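>>> starting from these lines, generate the structure:
(one chain, ligands or ions: 1)
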Amino acid sequence: MARVHRIAVIAGDGIGPDVTREAQQVAEMAVEADSAVLEWSDFPWGTDHYFAQGTMAPPDFLETLAPFEAILLGAVGHPKVQDHVTLNGLLLPIRRRFDQYICLRPSYLYEGVASPLAGKLPGSIDLLVFRENTEGEYVDVGGRVYRGFPEETALQTAVFTRRGCERIIRAAFEVAQSRPRRRVSSITKSNAQGYGMVLWDECFARVAAEYPAISTESLLIDRAVMEFVRRPESFDVVVASNLFGDILTDLGAIVVGSMGLAASGNIDPTRRGPSMFEPVHGSAPDIVGKGIANPLAAILSAAMMLDHLQLPRGAEAIRRAVAATLRAGRVRTPDLGGTSSTREVGAAVLAELSSSIRR
Ligand code: GGG
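The predicted structure follows:
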């Protein structure tokens, strides 16, 4: 009998529902390869909920999500709501409550996609960022005093713990062992941040010593952004704090062609709670309603979800179908230089998938 996996879907705002619909259709077909079935539950949370009720989701939303195996998220954000409200009202509490401490963000240069950097061959850029996802610069700690007065003051605190740093760094080393280049780059700023980032560096050195077969480097974030442009092919596994990982992965997405290809997983490897899968891009207010959002980041995020659900044939089939669609080059959205719609790209991936898993 087919195994049923229960997935919570938060399609969210802007282009979120468009790209999530395509990802669901592709994932539904792909899991046939593993004789599994996905059972979706939709949660209409996001800025519509905020406009109606004053919060991004009902007060018990975290309890509601707890029994699911995974969460598929589209996007959050609206031009009329400050981004810290949308992130702190939905996305960040989910990552923290379910201890999704690994934010896994691959960047791969597919055949048929042009990098904005000259002379890069397909597959030459193939890096995997492990972004710390529960602490660091994203903790909700701080305050404001003297609001509206000239003395107005804001305090924003970053929190780095030995446990938090070591576990994300160890996760990066574990995966690096199974990759051909076996290299981990740590991103730091310990020249200027003498507490948190020095602890980060110490944790990196300690964990690295447990993996003598893995080569390492430690780069200041300012140098790392430069090297992501100058020599992206030299990176293999990269481990970074919450903020640095977020910034670096937007750059990683652009050097392999588009934010519309950048997938991510917010993962608790212990599986005590659901992990969450989402495209790296946001709600893209500039193209909302035009039907031209690239669904491939959401579709590739769904493939990462199938990996997490231990449905490897389906996950691999999606990646092959996306690669074939990009290689053929006939159907692509405007961010990749084409004129196709979101639905047309979704249909092209489904066609590739159908011919590979149903033949
Ligand atoms: N795809 C989810 C989304 O809308 N992300 C927008 C965003 O700004 N995310 C910030 C983050 O990942 O920390």
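>>> what does this structure have sitting close to the ligand?
73, 75-77, 87, 246, 278-279, 281-283 (Cβ under 6 Å from any ligand atom). Glycine gets a C-beta too; all of them are placed from N, C-alpha and C.
>>> would you turn these into JSON lines with distance to Leu336, pLDDT and secondary structure?
Output for these, formatted as JSON lines (distance: Cβ to Cβ, whole Å; pLDDT from 0 to 100; DSSP: H, G, I helix; E, B strand; the rest coil):
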{"residue": "Leu73", "distance to Leu336": "23", "pLDDT": "98", "secondary structure": "strand"}
{"residue": "Ala75", "distance to Leu336": "18", "pLDDT": "98", "secondary structure": "strand"}
{"residue": "Val76", "distance to Leu336": "24", "pLDDT": "97", "secondary structure": "coil"}
{"residue": "Gly77", "distance to Leu336": "22", "pLDDT": "97", "secondary structure": "coil"}
{"residue": "Leu87", "distance to Leu336": "27", "pLDDT": "95", "secondary structure": "helix"}
{"residue": "Asp246", "distance to Leu336": "23", "pLDDT": "98", "secondary structure": "helix"}
{"residue": "Glu278", "distance to Leu336": "20", "pLDDT": "98", "secondary structure": "strand"}
{"residue": "Pro279", "distance to Leu336": "14", "pLDDT": "98", "secondary structure": "strand"}
{"residue": "His281", "distance to Leu336": "13", "pLDDT": "97", "secondary structure": "coil"}
{"residue": "Gly282", "distance to Leu336": "18", "pLDDT": "97", "secondary structure": "coil"}
{"residue": "Ser283", "distance to Leu336": "19", "pLDDT": "98", "secondary structure": "coil"}
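>>> export those residues to CSV and tack on distance to Phe149?
Output for the residues of the chain next to the ligand, formatted as CSV (distance: Cβ to Cβ, whole Å):
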residue, distance to Phe149
Leu73, 39
Ala75, 36
Val76, 32
Gly77, 30
Leu87, 27
Asp246, 32
Glu278, 39
Pro279, 41
His281, 38
Gly282, 33
Ser283, 34
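>>> quick one: the helices in the stretch 1-150 of the chain?
Ranges of helices in the stretch 1-150 of the chain, per DSSP state H, counting those that start in this stretch, are 16-30, 47-53, 61-65, 83-86, 92-97.
>>> coming back round to it: the residues of the chain next to the ligand, buried ones only, as a PyMOL selection?
One line in PyMOL is enough to select the buried ones among these; burial here means 16 or more other Cβ atoms under 10 Å:
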select buried, resi 73+75+76+77+87+246+278+279+281+282+283
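>>> can you tell me which of the residues of the chain next to the ligand is nearest Arg327?
Pro279 (20.8 Å; Cβ to Cβ).
>>> can you tell me the number of residues neighbouring the residue nearest to Glu111 when sequence neighbours are not counted?
Closest residue to Glu111 apart from its sequence neighbours, by Cβ to Cβ, 6 or more residues apart in numbering: Pro122 at 3.8 Å. Other residues near Pro122 number 16, with proximity taken as other Cβ atoms under 10 Å.
>>> and Thr333, by the same measure?
For Thr333, using other Cβ under 10 Å, the count is 22.
>>> so the spatially most central residue of the chain is in which element?
Geometric centre of the chain, nearest residue: Ser264, 2.2 Å, by Cα atoms, centre = their mean. Assignment of secondary structure by DSSP states H and E places Ser264 within strand 263-267.
>>> using PDB, write down the CA coordinates of that strand.
Taking C-alpha atoms only, strand 263-267 is exported to PDB below (Å, rounded to 0.1, in the frame of the first residue of the first chain):
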ATOM      1  CA  ALA A 263      15.600  26.300  -3.600                       C
ATOM      2  CA  SER A 264      15.900  25.900   0.200                       C
ATOM      3  CA  GLY A 265      15.100  23.600   3.000                       C
ATOM      4  CA  ASN A 266      14.800  24.600   6.700                       C
ATOM      5  CA  ILE A 267      15.700  21.300   8.300                       C
END
